[in-house]
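In: Quick one: sequence plus predicted model below, questions after.
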Amino acid sequence: MSKNLWQGVWRGRQPDGDVHKRTRNVITPSGGIVRGKFPSRKNGRMVHHEGLLELDAIYLFESSPNIVRYREQPITLHYPDGAKLRRYTPDFELVFSTGEIMLVEIKPVSSIQHQEVQHKLDCIAEYMRRSEIAFIVLTDKELRQEPRLSNLRWIYHQCRRIPPSPDAMTIVIHKFRHRLPLSLVAATTVLKTGSVDLYSLLLAGHLRCSLDQPISQETLVELNTEADNGWFFIAEEQGF
């Protein structure tokens, strides 16, 4: 599995990030799958997605402070299925702040209910287990929890396109922390004249707010501590 520590930064209109070539490209699009590209702040480039469920996953990957980087269709593996050797390309590879790498398959619950799909995933999971490769299947059950997803999408789109530097965010937090907690509107007012925006601090994990209710101007923003282990889980049973 690839362990290169690529990273990216947007520079105006030109991305300067991970130069990544997908191991599987769709040559002839078919069916009703909505394909597109997403301007990733974490990777400093456009990330391809195949389907709206993958797009929802990307918003969660971008919003989770525990995920440092990610790549789409990163590698191709060969796994045994009885007497046959089959090929498999995971949808994403995640790199966590701990250095751990995990492969991710995105599947709707309705698809997993088909016996042949479940059999394939079982074979892949067994191969990953024996190869000691971290692997997870994420479905709409985990990815489309509301109002969490809508809140995170909204927060992401409030951020400045070019993220502040880690040092700049640390300095602002030290100056700002004694005034917390504050309402969203009050915190935005305090930070509006500086180079660091409130929403980048949320995505970086310096601050947190509840995602259990739709975000409003009165939503409380508070300091995030190391004990909080981020401010939300994508798949809590797997610890991230």
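Out: Perfect, I can see it now.

In: S216: neighbouring residues, count only.
Out: 9 (other C-beta atoms under 10 Å). From N, CA and C alone the C-beta is placed, and that goes for glycine too.

In: For it, what are phi and psi?
Out: Backbone torsions for S216, taken as degrees, to the nearest 10, come to phi -130, psi 180.

In: Could you do K84 as well?
Out: phi -100, psi 150.

In: hey, what's it bridged with?
Out: D81 (DSSP bridges).

In: per-residue pLDDT, it?
Out: K84 carries a pLDDT score of 96 in this model.

In: before we move on, what about R161?
Out: 82.

In: middle-most residue in this protein, spatially?
Out: The centroid of the chain falls nearest to F61 when counting by C-alpha atoms, centre = their mean (0.3 Å).

In: Next one: the closest residue in space to A235 that isn't next to it in sequence from L149, what distance?
Out: Leaving aside its chain neighbours, A235 sits nearest to E142 (5.1 Å; criterion: C-beta to C-beta, 6 or more residues apart in numbering). Going from E142 to L149 by C-beta to C-beta, to the nearest Å gives 10 Å.

In: show me the contacts for P90.
Out: Neighbouring residues of P90 by C-beta atoms under 8 Å, 6 or more residues apart in numbering: 73-75, 77, 103-105, 135.

In: Give me the PyMOL select line for the residues you listed, limited to the buried ones.
Out: PyMOL command restricting those to the buried ones, with burial defined by 16 or more other C-beta atoms under 10 Å:
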select buried, resi 73+74+77+103+104+105+135
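
In: As a quick check, tell me the outermost residue of the chain.
Out: A83 (36.1 Å).

In: Looking only at neighbour counts, state which of E142 and L149 leads.
Out: Neighbour tally, E142 and L149, criterion other C-beta under 10 Å: the higher count belongs to E142, 20 against 17.

In: Not counting its own residues, what contacts the host helix or strand of the more buried one?
Out: Per DSSP states H and E: E142 is located in helix 140-143. Contacting residues not belonging to helix 140-143 are listed as 53, 56-57, 60, 106, 108-109, 149, 234-235 [C-beta under 8 Å, 6+ apart].
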